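**Student:** The following comprises the amino acid sequence and a computationally predicted model.
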Number of protein chains: 2
Amino acid sequence: MNNIVIVDDHPIVIGGLLALLQADKALQVMATFTAGQAFLSFLAGADFIDIVLLDITLPDISGVEVCKQIKKISPETKVLIISNHSERSIILQMLQQGASGYLLKNASSEELVRCVHDVLEGKVAFSAEVMTIMTRPLQNERKATPHLTKRERQVLSMIAAGRTSASIAEELCVSQFTVETHRRNLMQKFEAGNTAALIRMAAEQQLL
Amino acid sequence: MNNIVIVDDHPIVIGGLLALLQADKALQVMATFTAGQAFLSFLAGADFIDIVLLDITLPDISGVEVCKQIKKISPETKVLIISNHSERSIILQMLQQGASGYLLKNASSEELVRCVHDVLEGKVAFSAEVMTIMTRPLQNERKATPHLTKRERQVLSMIAAGRTSASIAEELCVSQFTVETHRRNLMQKFEAGNTAALIRMAAEQQLL
DNA sequence: TCTTTTCTACTGGTTTTCCAGTATATTTTG
DNA sequence: CAAAATATACTGGAAAACCAGTAGAAAAGA
């Protein structure tokens, strides 16, 4: 018998999930919550929870944070996200935070139950629509990565590591003016006004 | 009949994949490459490729970059990663770059063929071991996120957007000295020596 | 109501980045 | 071999960040 907890801000959604899951004898809904904090307080003192069905948009803290806390407090508890967010980056962010599955709220009942069981069995589970989102051609979700020379990538990496231009110059055996020119060129290529924006954009484009 | 291309730096691996895939009448291996650049040149002038089996470690450019280029040049071409890299962050990075599947080189022949077919059918596919990696408890893969106050998160976000302290002060209707104090506190919490390191760490912890 | 936390603001100063330009040498490419 | 790209380096200066400290007001929590 698997213990389930449902965390969603809409009581109607919780009601629907309850009706669906209670028909499955292998599943036991032990509690439901409409807010993240309340659930986390419960989690700290609860019996073991096999799986949490978690929305991302909650009234108090975000589902991202709740997922992190679940994996910190009870690492063996699986997390299956049920959300309206359909962006690939959000899906991957939830996987990065330890979620084992993701489906959209428009998934069929059959898909929901299948995903619950797949996750309980230790698999990664997506609904069909999430599969489509994950595999469809990228649609320029982000600005094109500017072409960087080898030296520029090297300087960028060192800047991101917190080094000053003087320190970088010393390590690369060049003048600080040279490093400053590389910085300027990097800022022009990323169209960044300062180092903070440069590093943020580089991180977004996975160049660090 | 699905057209396949194999890109791997080890000819022996290519040989093994070839032997395996040629037994499947639905699959046609149209070419193999041991370097990324050579493959990308081929791709630009090739007939349509249904799926590319791609290693990450290549002698010239990385599989990450090759994957990006594949999705840019031929968005409908599927990418299935076959790699020795088993870190969750790398797996997710490949998915972020448009890969539809990921398996480790120790996957069985059956798993490999199943993944190829699943990806061709528009699914996301992982080998069993990759599923395990994706769902096992996180193991403090990264430093704990420091506790930030609401105002600190606000200032951090604006710094990351490239704003100067003066500009942030103006928008928040506080003194520039106040913003500078928030910056200092942020740098202390993240143990960062300058803004570049601060923003990089914040990005790593998905706070931006 | 008291304590703690958060937010606010200042001093006086140093260090670092950013600016816009100019220019030569080396390496790579066609 | 010539052209283009990359790397290097400098000027003179302004703008911004960083430093370490101090300190009071407001909000939140116990």
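**Tutor:** Sure, I can see it. Residues are numbered from 1 along each chain as shown, chains lettered A, B, ... in the order given.
**Student:** going forward, measure contacts and count neighbours with C-alpha atoms only.
**Tutor:** OK.
**Student:** Which SSE is immediately downstream of the lengthiest helix in chain A?
**Tutor:** As assigned by DSSP state H, the longest helix anywhere in chain A is helix A:176-190. Next helix or strand after helix A:176-190 toward the C-terminus (DSSP states H and E): helix A:195-204.
**Student:** tell me the angle that following helix makes with helix B:195-204.
**Tutor:** Relative orientation of helix A:195-204 versus helix B:195-204 (axes from the mean of the first three to the mean of the last three Cα atoms, to 10 degrees): 30 degrees.
**Student:** which residues are contacting helix A:195-204?
**Tutor:** For helix A:195-204, contacts defined as Cα atoms under 8 Å, 6 or more residues apart in numbering or on different chains pick out A:156, A:160, A:186-187, A:190-192, A:208, B:159-162, B:195-196, B:199-200, B:203-204.
**Student:** next one: that helix to chain centre, how far?
**Tutor:** Centroid displacement of helix A:195-204 relative to its chain, using Cα atoms, centre = their mean, to the nearest Å, is 19 Å.
**Student:** And stretch A:116-128, by the same measure?
**Tutor:** 17 Å.
**Student:** quick revisit: among the contacts of helix A:195-204, name the buried ones.
**Tutor:** With neighbours counted using 16 or more other Cα atoms under 10 Å in any protein chain shown, the contacts of helix A:195-204 contain these buried positions: A:156, A:160, A:186-187, A:190, A:192, A:208, B:159-162, B:195-196, B:199-200, B:203-204.
**Student:** one step back: show me what the longest helix of chain A is packed against.
**Tutor:** helix A:150-160, helix A:165-172, helix A:195-204 (3 or more Cα pairs under 8 Å, 6 or more residues apart in numbering or on different chains; DSSP states H and E).
**Student:** do the shortest one and chain B meet?
**Tutor:** The reference is to helix A:165-172. No. Helix A:165-172 lies out of reach of chain B by Cα under 8 Å from any Cα of the partner chain, never closer than 11.6 Å.
**Student:** Can you dump the C-alpha atoms of that helix in CSV for me?
**Tutor:** Output of helix A:165-172 as CSV, limited to C-alpha atoms (Å, rounded to 0.1, in the frame of the first residue of the first chain):
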residue,chain,number,x,y,z
SER,A,165,41.1,41.5,-14.2
ALA,A,166,44.4,41.9,-12.5
SER,A,167,44.4,38.4,-11.1
ILE,A,168,43.4,36.9,-14.5
ALA,A,169,46.1,38.9,-16.2
GLU,A,170,48.7,37.5,-13.8
GLU,A,171,47.6,33.9,-14.3
LEU,A,172,47.4,34.1,-18.1
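**Student:** Would you mark the buried spots in that helix?
**Tutor:** Of all the residues in helix A:165-172, those buried under the rule 16+ other Cα under 10 Å are A:165, A:168, A:169.
**Student:** residues in contact with residue A:163?
**Tutor:** The contact partners of residue A:163, by Cα under 8 Å, 6+ apart, come to none.
**Student:** which residue ranges form the helices in chain A?
**Tutor:** Listed in chain order, the helices found in chain A under DSSP H are A:11-21, A:36-45, A:63-73, A:88-96, A:109-120, A:128-135, A:150-160, A:165-172, A:176-190, A:195-204.
**Student:** re earlier: for residue A:104, find the nearest of the helices and strands packed on helix A:176-190.
**Tutor:** Nearest to residue A:104 among the helices and strands packed on helix A:176-190 is helix A:195-204 (24.8 Å), distances taken as Cα to Cα.
**Student:** and residue A:47, how many neighbours?
**Tutor:** For residue A:47, the tally of surrounding residues (other Cα atoms under 10 Å in any protein chain shown) stands at 10.
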